[in-house]
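Visitor: Predicted model follows, preceded by the sequence.
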Amino acid sequence: MKHSIRRQMTAIFIGLFAFVLGGVLMINNGFLGSYYLSHKTQDLIKTYNQINETIRDGNLTDDTVQNQIVIRAERANIDLVVIDAKGDAIVRTLSVDDPRFKEMLVGILGLNTIQAESVLRQTDMYTVYRSASDMTGGEMEYLRMWGRFSDGSWFLMQSPLASIEESASLANQFLIYLGIVGMILGGFFVWLFSRRITQPLMELTRLSQEMANLNFDARYTRGGEDEIGILGRNYNRMSEQLEKTISELKSVNNQLQKDIEQKEKLEDMRNEFLGNVSHELKTPIALIQGYAEGLREGVNDDPESREFYCDVIMDEADKMNRMVKNLLTLNQLEFGSDEVQFERFDIVGLVSGVIASCEILIQQAEASVDFVADEKLYVWADEFKTEQVVRNYLTNAIHHVENERRIEVRIIRDGDKARITVFNSGKPIPEEDIPKLWDKFYKVDKAHTREYGGNGIGLSIVKAIMESFRQKYGVKNYDNGVAFWFELDAKTVMENEDKGSQNTSLH
């Protein structure tokens with residue numbers, strides 16, 4: 001393969017090796033000379049400290065000690081001469097006839113000619129500097145150190161400096177040859193051993209192709225505890241899970257077929273719904289028919305009786321009309337055909353408007369309404385549907401208010417939520433009836449509901465609207481009444497008006 005991992009690994013290895021080799025060559029050229037010179041300087045200072053310590057101990061005149069000093073200096077490739085106050089050489093590493101010895105003596109005489117740029121290190125006791133000389137039959141560069149010891153004796157040490165440039169060049173040539181051999185051998189071994197990685201990957205590739213063809217019997221068999229081995233085991237587990245999932249999908253498909261075959265049950269549900277509707281319409285239709293026949297037969301000829309008959313007929317017709325409208329609204333909500341239009345509006349203003357519109361009903365029920373809320377609280381919801389929820393809660397509270405005949409509407413802010421609660425004093429709802437309140441046509445007190453014209457659909461509409469909002473709603477019993485509530489997403493009020501609260505009683 002043109003872009004195989006083996007080729008990429010080999011190319012990466014050779015490129016990395018070449019990069020490291022290039023870096024070593026650059027460092028060798030730039031810093032080898034400084035390192036070499038620093039190392040030789042440390043050798044001279046170390047030798048000086050050893051001799052100075054021997055002088056302090058008073059052992060320099062000992063022949064054995066002198067021999068040890070000479071041996072250490074020669075091992076470090078250092079020429080040494082120590083001259084006492086009388087001018088006698090008490091320690092030296094070179095014979096008198098050695099040209100280097102004569103050169104050192106001449107160097108002592110010419111110490112005052114040392115160039116400042118040649119000095120590498122200088123203290124009160126010694127000076128280290130570089131010096132070139134050609135007295136040895138060819139130009140030679142030395143690293144020299146001269147000064148005095150603690151007893152006042154003088155010394156001169158020197159160590160020849162090999163050609164640093166030449167040494168660096170030779171070292172670089174050696175590194176290049178070694179690097180070329182290393183790249184060739186390393187590239188070969190990388191190419192060879194990369195098979196241990198590429199062959200398992202090729203098997204995984206084959207396995208993925210089999211899985212793509214929905215053949216889940218293929219398995220990764222090479223094993224191993226490295227990353228590829230773990231990947232292979234995960235492939236095997238994924239293959240098993242896919243096979244299991246496809247089997248489950250087939251089972252679900254079969255179940256779906258069964259559901260399609262049971263569509264007759266939906267027809268039964270429709271028939272049940274129509275039965276409930278016909279049951280609810282039976283009473284108002286019978287009343288309308290009876291009073292209409294009474295009018296036709298002239299049961300009572302006085303104007304008051306005829307007006308009463310007409311009022312009953314109109315009232316029952318209005319109840320049927322409202323029930324049909326509610327059923328249509330509920331049907332649209334439950335089947336999702338009525339779209340929700342989210343917008344930002346003031347829930348306090350909306351609730352205040354609903355309360356004002358129900359003023360006549362409140363007066364007829366001889367009730368009082370306490371409205372507790374901030375001046376403004378903005379929420380995100382469908383304003384028209386929210387009004388339906390508030391109106392259903394409020395009319396429900398009006399129809400069931402008892403005892404002190406008090407209704408309290410409260411809006412509170414809780415974090416990012418606004419909770420709207422409608423409380424009415426009266427009898428608490430039996431606990432066994434609470435889960436059924438939101439069902440269609442369910443009535444806790446059928447006689448009382450019939451009395452004010454209820455049909456058991458209002459709370460079902462509330463349930464459908466709040467579920468379309470994806471918000472919470474519910475009911476809570478108290479000792480002296482019942483509170484229905486729902487929540488909406490609240491936002492910060494963007495008004496410059498002063499905030500306050502109102503507690504308005506409507507009678």
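Guide: Arrived safely. Residues are numbered from 1 along each chain as shown.
Visitor: Can you classify the residue lying closest to residue 119 once chain neighbours are set aside as helix, strand or coil?
Guide: Distance criterion C-beta to C-beta, 6 or more residues apart in numbering; nearest residue to residue 119, sequence neighbours excluded, is residue 129 at 4.6 Å. Every residue, glycine included, has its C-beta placed from N, CA and C. Of the three states, residue 129 takes strand according to DSSP: H, G, I helix; E, B strand; the rest coil.
Visitor: same for the helix or strand harbouring residue 39, what does it pack against?
Guide: Using DSSP states H and E, residue 39 maps to helix 5-57. Judged by 3 or more C-beta pairs under 8 Å, 6 or more residues apart in numbering; DSSP states H and E, helix 5-57 is in contact with helix 63-75, strand 119-122, strand 126-133, strand 140-148, strand 154-161, helix 164-193, helix 195-212.
Visitor: ok, now with 7 Å
Guide: helix 63-75, strand 126-133, strand 140-148, strand 154-161, helix 164-193, helix 195-212 (3 or more C-beta pairs under 7 Å, 6 or more residues apart in numbering; DSSP states H and E).
Visitor: all helices for the stretch 201-350 of the chain, in order.
Guide: For the stretch 201-350 of the chain, the helices defined by DSSP state H, counting those that start in this stretch occupy 227-261, 263-297, 303-334, 347-357.
Visitor: What mean pLDDT does the first one get?
Guide: This points to helix 227-261. Mean pLDDT, computed over helix 227-261, is 77.
Visitor: for it, packing partners?
Guide: Counting by 3+ C-beta pairs under 7 Å, 6+ apart, helix 227-261 packs on helix 195-212.
Visitor: quick one: the helix it packs on to helix 227-261, angle?
Guide: Going by axes from the mean of the first three to the mean of the last three C-alpha atoms, to 10 degrees, helix 195-212 is angled at 0 degrees with respect to helix 227-261.
Visitor: For helix 195-212, name the packing helices and strands.
Guide: Helix 195-212 packs on helix 5-57, helix 227-261, going by 3+ C-beta pairs under 7 Å, 6+ apart.
Visitor: Please identify the buried residues of the strand ranked longest in the chain?
Guide: The single longest strand within the chain, with elements called by DSSP state E, is strand 481-491. By neighbour count with 16 or more other C-beta atoms under 10 Å, strand 481-491 contains the buried residues 481-490.
Visitor: Tabulate the helices and strands packed on helix 195-212 in a markdown table, adding columns for distance to residue 78.
Guide: Shown next, in a markdown table, are the helices and strands packed on helix 195-212 (distance: least, C-beta to C-beta, whole Å):
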| stretch | distance to residue 78 |
| --- | --- |
| helix 5-57 | 6 |
| helix 227-261 | 57 |
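Visitor: Which stretch among the ones you listed is buried most, on average?
Guide: helix 5-57 (a mean of 15; mean count of other C-beta atoms under 10 Å).
Visitor: For the residue nearest to the spatial centre of the chain, give its distance to residue 484.
Guide: Closest to where the C-alpha atoms of the chain average out (C-alpha atoms, centre = their mean) is residue 416, at 23.4 Å. Going from residue 416 to residue 484 by C-beta to C-beta, to the nearest Å gives 22 Å.
Visitor: try residue 32
Guide: Distance from residue 32 to residue 484, by C-beta to C-beta: 90 Å.
Visitor: who touches residue 121 in this structure?
Guide: Residues counted as contacts of residue 121 (C-beta atoms under 7 Å, 6 or more residues apart in numbering) are 41, 128.
Visitor: same thing but at 6 Å, please
Guide: Contact analysis of residue 121 by C-beta atoms under 6 Å, 6 or more residues apart in numbering lists residue 128.
Visitor: With residue 402 instead?
Guide: Counting by C-beta under 6 Å, 6+ apart, residue 402 has contacts residue 426.
Visitor: Residue 383 now?
Guide: 343, 345.
Visitor: quick one: it from residue 406, how far?
Guide: Computed as C-beta to C-beta, the residue 383 to residue 406 distance reads 28 Å.
Visitor: Please apply the same query to residue 251.
Guide: Applying C-beta to C-beta, the value for residue 251 to residue 406 is 58 Å.
Visitor: So in this protein, where's the weakest helix or strand by average pLDDT?
Guide: strand 501-506 (a mean of 41; mean pLDDT, DSSP states H and E).
Visitor: and residue 307, how many neighbours?
Guide: For residue 307, the count of nearby residues is 10 (other C-beta atoms under 10 Å).
Visitor: The helix holding residue 39 to helix 63-75, inter-axis angle?
Guide: 150 degrees.
Visitor: to the chain's geometric centre, what's the distance from helix 5-57?
Guide: 46 Å (C-alpha atoms, centre = their mean, to the nearest Å).
Visitor: Ok, stretch 416-435 next?
Guide: 41 Å.
Visitor: What average pLDDT does it get?
Guide: 90.
Visitor: Please report how far the most far-flung residue of the chain relative to its centre lies from residue 66.
Guide: Most distant from the centre of the chain: residue 86, at 84.3 Å, with distances by C-alpha atoms, centre = their mean. Distance, residue 86 to residue 66, by C-beta to C-beta: 17 Å.
Visitor: got it, and residue 459?
Guide: Distance, residue 459 to residue 66, using C-beta to C-beta: 117 Å.
Visitor: Residue 169: which of the helices and strands packed on helix 195-212 is closest?
Guide: helix 5-57 (8.7 Å; C-beta to C-beta).
Visitor: Now the closest one: average pLDDT?
Guide: On average, the pLDDT along helix 5-57 is 80.
Visitor: now swap in stretch 101-113 and tell me
Guide: Computed over stretch 101-113, the average pLDDT equals 63.
Visitor: Low-confidence ranges, the stretch 51-200 of the chain, go.
Guide: Where the stretch 51-200 of the chain drops to pLDDT under 70, the residues are 96, 105-117, 133-139, 162-168, 195-198.
Visitor: cool, and the stretch 251-400 of the chain?
Guide: 262, 264-284, 286-287, 299-301, 315-316, 318-319, 322-338.
Visitor: Pretty sure residue 92 sits against residue 82.
Guide: No. With contacts counted by C-beta atoms under 6 Å, residue 92 stays clear of residue 82, the gap being 7.2 Å.
Visitor: neighbour-wise, which of the two wins?
Guide: Using other C-beta under 10 Å, the more surrounded residue of residue 92 and residue 82 is residue 82, with 22 against 19.
Visitor: Quick check: that one is in a strand.
Guide: Yes. Under three-state DSSP, residue 82 sits within a strand.
Visitor: burial of the nearest residue to it once chain neighbours are set aside, as a residue count?
Guide: Leaving aside its sequence neighbours, residue 82 sits nearest to residue 91 (C-beta to C-beta, 6+ apart; 4.1 Å). By other C-beta under 10 Å, 21 other residues sit near residue 91.
Visitor: do you know which of the helices and strands packed on helix 195-212 lies nearest residue 151?
Guide: Comparing those under C-beta to C-beta, the one sitting nearest is helix 5-57, at 5.1 Å.
Visitor: could you give the angle of that closest one to helix 164-193?
Guide: Going by the same axes, to 10 degrees, helix 5-57 makes 140 degrees with helix 164-193.
Visitor: Any figure for the gap between residue 149 and residue 47?
Guide: 12 Å.
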